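S.K.: could you look at this predicted model? Sequence included:
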Amino acid sequence: MRKGDSTQKIIAKVLIVGLLLELMLYSVLSLEWGDIGDTVLKTVEIGTMLFKEYWVAVLMLGLMLFSVIIGGVFIAQEDDE
């Protein structure tokens, strides 16, 4: 954290990180990780399974990737002094 950050900004950052962590843990722990075995799946079946059964995990992965992109943009910005 930067030296000039106010207490409200620090609390907001901690709350956002905590919320994302909680959502990711929920998505991982709420799924039943069964054994697939020797089953051969078609692409359509994989897509259907991802977006019907594992939609929470897909949503959390999308949110995490979005936050990484936004963070990269902020890190890449140059400071004008």
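M.R.: Cool, the structure landed.

S.K.: residues touching the residue nearest the centre of the chain, list them.
M.R.: For the chain, the residue sitting closest to the mean C-alpha position, by Cα atoms, centre = their mean, is residue 64 at 2.5 Å. In this structure, residue 64 makes contact with 20, 24, judged by Cβ atoms under 8 Å, 6 or more residues apart in numbering. All C-beta atoms are positioned from the backbone trio N, CA, C, and that covers glycine.

S.K.: that one sits in which helix or strand?
M.R.: Per DSSP states H and E, residue 64 falls inside helix 55-76.

S.K.: and that helix, how far out from the chain's middle?
M.R.: Centroid separation for helix 55-76 versus its chain: 6 Å, with Cα atoms, centre = their mean, to the nearest Å.

S.K.: what is the neighbour count of residue 63?
M.R.: Applying other Cβ atoms under 10 Å, we find 15 residues neighbouring residue 63.

S.K.: gap between it and residue 15?
M.R.: Applying Cβ to Cβ, to the nearest Å, the value for residue 63 to residue 15 is 15 Å.

S.K.: what does residue 74 give?
M.R.: Counting by Cβ to Cβ, the gap from residue 74 to residue 15 is 18 Å.

S.K.: and for residue 75?
M.R.: To residue 15, residue 75 is 21 Å away according to Cβ to Cβ.

S.K.: ranges for the strands of the chain?
M.R.: Using DSSP state E, the chain contains no strands.

S.K.: for it, just list every one of the helices.
M.R.: Secondary structure of the chain (DSSP state H): helices at 7-29, 43-52, 55-76.

S.K.: which among those is found nearest to residue 35?
M.R.: For residue 35, the closest of these is helix 43-52, at 14.6 Å, according to Cβ to Cβ.

S.K.: so what's residue 6 scoring on pLDDT?
M.R.: Per-residue pLDDT puts residue 6 at 84.

S.K.: can you check the one 4 residues further on too?
M.R.: The predicted structure scores residue 10 at 85 on the pLDDT scale.

S.K.: count of neighbours near it?
M.R.: With other Cβ under 10 Å as criterion, residue 10 counts 12.

S.K.: what of the one 5 residues further on?
M.R.: Using other Cβ under 10 Å, residue 15 is surrounded by 10 other residues.
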